[in-house]
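**Student:** Generate a structure from the sequence data that follows.
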Amino acid sequence: MARLNGFTKKQLTEVFSSMVTARELDLKMLILLKQGKGFFHMGCSGHEASQVAAAYTLNQGKDWSYPYYRDGAFTLALGVTTRQHLLSFLARADDPASGGRQMPMHYGNKNLRIVSQSSATGTQYLQAVGCALSRKLDKTKEIVYVSSGEGTTSQGDFHEALNWAGREKAPVIFHIQDNEYAISTHRSEQTAGSVFSLVSGYENLSKYQVDGTDFFETHLAFKQAVERAKRGKGPSVIVSNVVRLMPHSSSDDQRKYRSEKALKKDLKRDPILLFKQICIEKDIFSESDAEKIESKIKKQIDNDTTWAEQQDHPAKETALKHVYSDEKVKLGSKLTKISDSIVMVDAINHALHEEMERNDRMVIYGQDIADPKGGVFTATKGLSSKFGKGRVFNSQLAESSIIGTAVGMAVTGYKPVVEIQFGDYIWTAMMQIRNEVSVMRYRSNNEWNSSMVIRVPVGGYIHGALCHSQSIDGYFIHMPGIYIAYPSNARDAKGLLKMACRMNDPVIFMEHKGLYRQPYAATEEPGKNYVLPFGKARYVTRGGNLTLICWGAMVQKSVEATQQIGKDENIVEIIDIRTLNPIDYKTIGDSISKTGKVLVVYEDNITNGPGAELCSVIAEKYFEFLDGPVKRVASKDSPVPYNWFLEENVLVQVDDISKAINNLLEY
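**Tutor:** Below is the predicted model:
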């Protein structure tokens, strides 16, 4: 039997067929685009050899893949069919990647373990590392493939991923497909040197630089990297130099920034022509054989295109499905007291202990959370000592790393409960939270999810100044796909956190730093079976003249304000909404129908804060019950200063609330 570099004739014919199929799909999709049947395309033409080489070293359906938008040939070689590619391009209901929810070339396939990808460049790196860390925890031989173009190596997430992967010897292979252009920007304007030199210095990281138009050379590098990862030696970076034979996308014209000479030079390195040429020279197949293969593939793609165009579009009424899971958490027994008093931070700690015992797939990590420190507020104290540093561990000081790796662990079935040490520093993780965590379920049409809990200490009143006092709820209430809890006392904190750990959706769990050890936030401690459902408000006081809506640290300040005004009891009805997504509008509406007046008190700054949304909904839904204007009390539109007299003038004070109550009662 004829062989070439260890490959049989059958294998080589399959390789050639995969590359030709990818090329012909690119061409067919561009025709469909011109016919107005599609709206966007990003081609893999010129990258086929390196991608097929990579796919041929992976274990289909066992190993994990995080491909980027140009990985058409890779996904085909891994098992995605031409029909599935066309369903995605035409945004049909049966598109396995997203059901028509994402743009074409945003790959995903649950059966093949191709994890749903987004448009954000670079977020996939950290997710791949998280996925690889979970493979180590499960003690499997599975590896993780992640790819991008060379331009994306400018992203900080790339270097954070290399650092974590190298430190932990994670079984992940980074494939950098270097076609020298990030849209129109040349590599010389992106990188100080080469990508190969850029990744030097990370321990346990192996590096390969190959001619990506040479299937055999690239395959050898991947084979070595895969074997190395399976032996537990750590990650590899493979930089394959390829050519981009099409513009960046269908919205681009590379003739504007590349010369005709350069484009013709690239055509001489066409990987399909090079592969066909060597196979003909080595008598693997003839020119006639190659033409028959090409003709058969073109005909098949034509037939598949006709079939795909006849498939149904997604039904309009499904547009809002899968923003959240439809699964319901089984509620525990009624509250049973196991201690007379516990402060909030200890209630949080106990909730984490109990949920770790209950769920052996739950992991906890963040900055400084492991013993002996146990977190800067001691919320995680004792956890790593009890459950081991495989399940409870310190992360690197990088918020994007914490959230990105959590996404990667979540898709493999783990339940990451991670801590962002201060809400003021969550912003470097914003790309991961907004474009990955919140939309993973929706964009994959319910195939994948990123169920996790993000614990975040927030708020002021601790002399924390500009960067340890921020209220962040106003930003995240505007983000569909993530639930938000914001408890005001120890009992609610424990019940809500345990609920969050059991929900099959991402949750941002906001913990006010100023409440952690306050006696007024201490309560009796509920037992381990107590869970508090989201979207259920609590009446703090009952009254018939004014409804006061609040949460977090504002609950106690509102209580003190009602005491300060010196009115009779049963005047002000204080409602602690407990969760900001969902909000219990039924309880709010019931109260307003009785009182006719509403005051919303919140710590975030007043402009565009969460209270503004509450007031808007109240005015829209309950206008007929109102006997006065819907009023707000919130912090001023200013950073929080360090000096305590200045801080007092910015943040909400009891006097501010009591004055607003009196004014509204007198209206």
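
**Student:** ok, residue 191 to residue 373 distance?
**Tutor:** When Cβ to Cβ, to the nearest Å is the yardstick, residue 191 and residue 373 sit 38 Å from each other. Every C-beta, even on glycine, is put in place using the N, C-alpha and C of the backbone.

**Student:** Of the two, give the one with the bigger neighbour count.
**Tutor:** For residue 191 versus residue 373, neighbours defined as other Cβ atoms under 10 Å are more numerous around residue 191 (18 against 14).

**Student:** Excluding chain neighbours, what is closest to that one?
**Tutor:** Counting by Cβ to Cβ, 6 or more residues apart in numbering, residue 198 is the residue found nearest to residue 191 once chain neighbours are left out, at 6.0 Å.

**Student:** Burial check on residue 323, number of neighbours?
**Tutor:** 14.

**Student:** three-state assignment of it?
**Tutor:** The three-state label given to residue 323 by DSSP: H, G, I helix; E, B strand; the rest coil is coil.

**Student:** need the contact list for the residue lying farthest from the centre of the chain.
**Tutor:** Centroid-distance maximum for the chain: residue 568 at 49.8 Å, with Cα atoms, centre = their mean. Applying Cβ atoms under 8 Å, 6 or more residues apart in numbering to residue 568 gives no contacts.

**Student:** Kindly report the domain assignment for this structure.
**Tutor:** Residue ranges for the domains of the chain, per automatic domain parsing: 3-310, 337-526, 538-665.

**Student:** which helix of this structure spans the most residues?
**Tutor:** helix 9-34 (DSSP state H).

**Student:** so residue 459 touches residue 557, yeah?
**Tutor:** No: between residue 459 and residue 557 there is no contact under Cβ atoms under 8 Å: 11.6 Å.

**Student:** neighbour-wise, which of these two wins?
**Tutor:** residue 459 (28 against 22).

**Student:** excluding its backbone neighbours, what's nearest the more buried one?
**Tutor:** In space, and not counting its chain neighbours, residue 459 is closest to residue 512: 4.2 Å by Cβ to Cβ, 6+ apart.

**Student:** do residue 257 as well
**Tutor:** residue 184 (4.3 Å).

**Student:** who's in contact with that neighbour?
**Tutor:** With Cβ under 8 Å, 6+ apart, residue 184 has these contacts: 248, 252, 254, 256, 257.

**Student:** per-residue confidence for it?
**Tutor:** Looking at residue 184, its pLDDT is 92.

**Student:** Against residue 258, how distant is it?
**Tutor:** Residue 184 is 8 Å from residue 258, by Cβ to Cβ.

**Student:** again with residue 241
**Tutor:** From residue 241 to residue 258 the distance is 16 Å (Cβ to Cβ).

**Student:** Among these two, which residue is more densely surrounded?
**Tutor:** For residue 241 versus residue 258, neighbours defined as other Cβ under 10 Å are more numerous around residue 241 (22 against 17).

**Student:** Quick check: which ranges of this protein have low pLDDT?
**Tutor:** Residue ranges of the chain with pLDDT under 70: 1, 332-333.

**Student:** Provide the secondary structure category for residue 348.
**Tutor:** Secondary structure state of residue 348, per three-state DSSP, is helix.
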